[in-house]
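**Student:** Kindly generate the corresponding structure for this input.
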Amino acid sequence: MERDRMMAERVDLPDADATRLPRLFTPLTLRGVALKNRIVISPMQQYAAGRDGLPTDYHLAHYGRLGMGGAGLVFTEALCVSPRGRLTYSDLGGWDDACVGPLARIVDIVREQGAAPGAQILHAGRKAAVQRPWHGFDPLSGIDIDERGEAPWETVGPSALPANPGWPTPREMTRSDMDAAVAEHAAAARRCREAGFDVLEIHAAHGYLIHTFLSPIGNRRSDGYGGSLKGWMRFALEVADAVRSEWPDDKPLFYRISCIDDEEGGWTIDESVELSRALGERGVDVMDCSSRGLGLRGTPVVAPREQGFQVPFAERLKRDTGLATMAVGLIMEPAYAEGVIAEGRADLVAIGREALNDPNWPVRAARALIGPESYESVWQPRHGWWLSKREKSLEAARRERPAE
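**Tutor:** All right, here's what the predicted structure looks like:
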């Protein structure tokens with residue numbers, strides 16, 4: 001079969017060479033899943049699904065291309081656990097069994113290109129029911145009904161507090177609502193398992209549902225789900241337990257959090273340490289260390305940020321909890337990414353928008369850190385063979401060029 005032949009031809013980094021490789025290109029095994037290097041493609045919403053939440057040919061091309069680029073792990077965008085938990089009408093879904101078959105095609109194409117396929121699951125909470133970014137990213141309104149037939153729906157949260165001034169006030173969730181949301185996360189995890197993903201991540205950052213339970217700013221409850229660190233963490237831990245129960249023991253579970261709210265009276269890095277310890281006890285393997293986002297979304301905002309501005313969060317959680325961590329945040333230069341891993345600040349680095357700019361970032365990083373030999377040891381052979389020949393031709397020309 002063509003797939004079997006392609007898998008046989010794929011060139012992976014041999015374990016025996018690990019001691020001579022840059023740390024960024026050393027393998028990492030998490031439970032029973034072996035990643036060929038420490039580079040991860042972050043989940044990035046594409047807003048390309050139909051209203052049924054099913055993937056399209058665009059997703060096959062998009063994730064297949066990212067898989068070809070040489071990363072060890074490629075995440076899908078967030079799969080929403082319920083229609084009510086979507087951000088937009090164009091989000092990918094994980095809420096229906098009809099999603100399993102189409103998602104399995106993404107799994108196959110990513111794996112065939114040499115990367116481990118990963119999925120992220122999400123409930124947007126009070127930040128649901130918004131326009132696509134290029135339509136404004138504001139809450140859906142009558143304009144969207146008139147122009148696109150997209151009516152808003154009711155949003156929910158731990159407390160009846162809007163995400164931003166002028167936004168709709170979410171309905172405060174009842175115990176029945178919370179139980180249903182936990183069950184929706186578990187069901188989405190089951191569907192990801194059935195689709196064959198190697199890695200699963202729970203999205204609990206950026207002002208979405210779980211984050212609002214964690215943050216004292218978003219959670220004003222006086223029952224057992226608020227009022228103290230134990231109460232703020234309760235929903236997040238219940239989701240972790242439910243998801244882990246549906247996720248195979250031999251596959252790793254990641255958990256993305258906003259390590260700080262960066263707002264007065266908000267969630268802090270010390271509380272993230274305590275949460276991470278509790279999550280580790282519940283079978284979480286990797287903490288994905290982002291930050292902020294409780295109010296306005298950070299991605300469309302122009303803010304002064306430097307490369308690796310969130311790496312210190314990954315470093316702190318790794319040091320204080322012993323869990324593996326993933327560093328994220330404007331990581332663009334191969335030498336910088338190598339330093340993060342070589343210095344033990346994190347176990348993985350996640351590339352997001354840089355991978356959209358250059359889907360070959362991982363193998364181009366290998367060329368920068370390893371040299372021309374990476375064409376034959378790291379690049380997939382259909383590309384590496386041609387580039388190796390070009391490299392040798394250019395080198396021959398340089399040797400024959402008369403000295404000036």
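
**Student:** Every contact and neighbour count from this point should use C-alpha atoms.
**Tutor:** Will do.

**Student:** And the pLDDT for residue 11?
**Tutor:** Looking at residue 11, its pLDDT reads 33.

**Student:** same question, the one 4 residues further on
**Tutor:** Predicted confidence (pLDDT) for residue 15: 41.

**Student:** where along the protein do the helices fall?
**Tutor:** Along the chain, counting by DSSP state H, helices occupy 2-9, 57-68, 100-112, 142-148, 175-195, 209-214, 229-246, 269-281, 311-321, 334-342, 353-357, 361-369, 374-377, 381-400.

**Student:** Please work out which of these is packed deepest.
**Tutor:** helix 209-214 (a mean of 29; mean count of other C-alpha atoms under 10 Å).

**Student:** Name the residues of stretch 71-90 that are buried.
**Tutor:** 71-90 (16 or more other C-alpha atoms under 10 Å).

**Student:** still on that earlier bit, confidence-wise, which of the helices of the chain is weakest overall?
**Tutor:** Looking at these, the lowest mean pLDDT belongs to helix 2-9 (a mean of 33).

**Student:** re the thing from before, would a markdown table of the helices of the chain with distance to residue 263 be doable?
**Tutor:** Below are those laid out as a markdown table (distance: least, C-alpha to C-alpha, whole Å):
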| stretch | distance to residue 263 |
| --- | --- |
| helix 2-9 | 49 |
| helix 57-68 | 35 |
| helix 100-112 | 38 |
| helix 142-148 | 32 |
| helix 175-195 | 26 |
| helix 209-214 | 13 |
| helix 229-246 | 17 |
| helix 269-281 | 12 |
| helix 311-321 | 16 |
| helix 334-342 | 27 |
| helix 353-357 | 26 |
| helix 361-369 | 34 |
| helix 374-377 | 45 |
| helix 381-400 | 47 |
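
**Student:** any idea how far residue 239 is from residue 255?
**Tutor:** Separation of residue 239 from residue 255 (C-alpha to C-alpha, to the nearest Å) stands at 11 Å.

**Student:** now residue 219
**Tutor:** 20 Å.

**Student:** likewise residue 176?
**Tutor:** Applying C-alpha to C-alpha, the value for residue 176 to residue 255 is 24 Å.

**Student:** what's the answer for residue 170, then?
**Tutor:** Distance from residue 170 to residue 255, counting by C-alpha to C-alpha: 25 Å.

**Student:** Residue 345 too?
**Tutor:** 18 Å.

**Student:** Check residue 109 too.
**Tutor:** Residue 109 sits 24 Å away from residue 255, going by C-alpha to C-alpha.

**Student:** do the same with residue 326
**Tutor:** 10 Å.

**Student:** joint contacts of the two?
**Tutor:** Contact with both residue 326 and residue 255 is made by residues 286-288, according to C-alpha atoms under 8 Å, 6 or more residues apart in numbering.

**Student:** pLDDT and distance to residue 35 added to these, as a markdown table?
**Tutor:** Output for the shared contacts of residue 326 and residue 255, formatted as a markdown table (pLDDT from 0 to 100; distance: C-alpha to C-alpha, whole Å):
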| residue | pLDDT | distance to residue 35 |
| --- | --- | --- |
| 286 | 98 | 13 |
| 287 | 98 | 16 |
| 288 | 98 | 16 |
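
**Student:** okay, those residues in TSV with distance to residue 162 and neighbour count next?
**Tutor:** As requested, those are arranged in TSV below (distance: C-alpha to C-alpha, whole Å; neighbours: other C-alpha atoms under 10 Å):
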residue	distance to residue 162	neighbour count
286	31	24
287	28	29
288	26	30
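
**Student:** I'd like these as TSV, with distance to residue 117 appended.
**Tutor:** TSV is the format used below for the shared contacts of residue 326 and residue 255 (distance: C-alpha to C-alpha, whole Å):
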residue	distance to residue 117
286	16
287	18
288	16
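
**Student:** what's residue 60 in contact with, if anything?
**Tutor:** So residue 60 contacts 105-106, 109 (C-alpha under 8 Å, 6+ apart).

**Student:** just those now: which is nearest residue 313?
**Tutor:** residue 106 (31.3 Å; C-alpha to C-alpha).

**Student:** Disregarding residues adjacent in the polypeptide, which is nearest to the closest one?
**Tutor:** residue 60 (5.7 Å; C-alpha to C-alpha, 6 or more residues apart in numbering).
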